[in-house]
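J.: quick check, what structure comes out for this input:
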Amino acid sequence: MSFPLLLSNGIIMFYITIDELFLKYYIGDHANGIFATVQFLVIGLSWNIGFSIINALYPSLAESYIDDEKSYFHKMKKLTKIMCGVGLFIGLFYTFFGNSILDAFFTESYSDAKTPLLIFCWAPLIIFLGMIYEKHLINSNDIQKNVYRFVSGCVSNILLCYLLIPVLQVTGAAIAVLASHFITNIVYIFLDNKSRKELLSFF
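T.: Residues are numbered from 1 along each chain as shown. Presented below is the predicted three-dimensional model:
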């Protein structure tokens with residue numbers, strides 16, 4: 001029963017390397033370094049926040065799903081609002097202070113990271129929703145949907161990288177990843193009727 005979860009985690013490992021492969025092929029190592037910096041600032045410093053909060057609360061969520069469905073949806077609603085707030089804070093923080101951080105802690109050669117950072121800093125807001133949804137899929141024994149949504153994210157990321165990176169370079173990679181996250185964590189859910197109703201109940 002856990003095989004779809006193992007498979008989806010394997011897909012994620014490929015998912016996060018797609019952009020590096022395209023940047024390396026079309027532009028070179030410097031572009032990879034620029035985008036790696038953007039990912040570190042946004043994902044490296046924010047992913048752990050969302051991951052820690054959601055996983056710390058997950059045992060309570062799983063217990064409520066079994067014993068008290070009303071309490072479960074109430075907790076999921078509160079968790080969703082909290083994580084939306086955290087994601088919004090991260091996006092606004094880097095929007096207003098991202099350029100200052102790059103100027104203060106990185107050399108001038110990393111100035112090309114400013115625009116990609118402004119774009120990619122909104123990824124946590126989307127990713128946190130996907131993390132919560134994944135926990136709900138585990139609870140409801142619908143984890144195979146995790147595979148479907150990550151496959152759709154991979155395919156969209158490959159297509160967008162192919163189209164955008166040769167033209168927009170690192171900025172194109174940031175747009176491609178953000179758009180693929182949106183497809184994986186938002187569009188897929190709304191295309192699935194059951195998932196859409198469940199997600200809307202969290203708000």
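J.: spatially nearest residue to the spatially most central residue of the chain (excluding sequence neighbours)?
T.: Closest to where the C-alpha atoms of the chain average out (Cα atoms, centre = their mean) is residue 127, at 2.9 Å. Nearest residue to residue 127 in three dimensions, chain neighbours excluded: residue 181, at 6.0 Å (Cβ to Cβ, 6 or more residues apart in numbering). Placement of C-beta: from N, CA and C, glycine included.
J.: tell me the buried residues in the longest helix belonging to the chain?
T.: For the chain, the helix with the greatest residue count under DSSP state H is helix 69-105. Judged by neighbour count using 16 or more other Cβ atoms under 10 Å, the buried positions of helix 69-105 are 72-73, 75-76, 79-80, 82-84, 86-87, 90-91, 94, 98-99, 102.
J.: packing partners of that helix?
T.: Contact here means 3 or more Cβ pairs under 8 Å, 6 or more residues apart in numbering; DSSP states H and E; on that basis helix 69-105 packs against helix 45-67, helix 114-120, helix 123-139.
J.: could I get these as a markdown table with mean pLDDT and distance to residue 160?
T.: Formatted as a markdown table, the helices and strands packed on helix 69-105 follow (pLDDT from 0 to 100; distance: least, Cβ to Cβ, whole Å):
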| stretch | mean pLDDT | distance to residue 160 |
| --- | --- | --- |
| helix 45-67 | 88 | 21 |
| helix 114-120 | 96 | 13 |
| helix 123-139 | 91 | 14 |
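J.: and the ones you listed as JSON lines, adding distance to residue 161?
T.: Shown next, in JSON lines, are the helices and strands packed on helix 69-105 (distance: least, Cβ to Cβ, whole Å):
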{"stretch": "helix 45-67", "distance to residue 161": "21"}
{"stretch": "helix 114-120", "distance to residue 161": "13"}
{"stretch": "helix 123-139", "distance to residue 161": "15"}
